[in-house]
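>>> got a predicted structure plus its sequence, pasted below:
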Amino acid sequence: MRTPSGVPYISSTSALLIPWAGFPDAKVRPAAFGAFHYVVVDIDDHGERSLENALPWGRIEPAEYDRASLRRVDSLRARSLERVRRDQGFDMLSARGRVLKELDDQTVVSLRERDRRAESDRREQVLKEQRNRYLRAKGLDPVDEDDEDVDEEALEKQQEAIARIQAVEAAQILADAVRDTSVRPRAAMRE
């Protein structure tokens, strides 16, 4: 019997013949079959099943959930897009996306280092201007990460503000979904 790769398979379910390639592992032993040399590998000693507390094979049942109506999702999407259009944080993220897309779409690169540096500096300037505009709108003073004396606390606040842009919008979408639910929560206690 052979495996799909053509390696002879021993009748035992716990051993596999692999062509000898000088395996230093102590759990394998060379075996000769005709003119060919193979290694007998104990399959139970490899992979997750070799661990002390290995989980048995199982099947995870699919989750049961109610699908949202398409009309409701469209309503949530429309409100989110309206907020995103007015949000300076998403303007900054969109500018980053455009710069990254520009890099992906670029098929020709100058061999002159001066030209490549100028293009890189231009991209960095666009991103820095967008970031600074967003931070000022949030009431934070932009911190230049390239300065020698960087205020670490201000830099951390700046990074947190940028990291929260998408999380805040996700929370607003969730709040819209809860407000739109036709089944309103009822009081748990009654007199």
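Good, I have the coordinates.

>>> any idea of the mean pLDDT in the helix or strand where V178 lies?
Using DSSP states H and E, V178 maps to helix 152-180. Averaged across helix 152-180, the pLDDT comes to 89.

>>> now do the buried residues in that helix.
Buried residues in helix 152-180, counted by 16 or more other Cβ atoms under 10 Å: 157-158, 161-162, 165, 169. C-beta here means a position set from N, CA and C on the backbone, and glycine is covered the same way.

>>> okay if I get those as CSV plus distance to V73?
Shown next, in CSV, are the buried residues of helix 152-180 (distance: Cβ to Cβ, whole Å):
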residue, distance to V73
K157, 35
Q158, 34
A161, 29
I162, 28
I165, 22
E169, 15
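
>>> sorry, back to before: which helices and strands sit right next to the helix holding V178?
For helix 152-180, the helices and strands in contact under the criterion 3 or more Cβ pairs under 8 Å, 6 or more residues apart in numbering; DSSP states H and E are helix 70-86, helix 88-105, helix 113-137.

>>> mind checking the ones you listed for the one nearest to L51?
L51 lies closest to helix 88-105 among those, at 41.1 Å (Cβ to Cβ).

>>> and the closest one, what does it pack against?
Using 3+ Cβ pairs under 8 Å, 6+ apart, the elements in contact with helix 88-105 are helix 113-137, helix 152-180.
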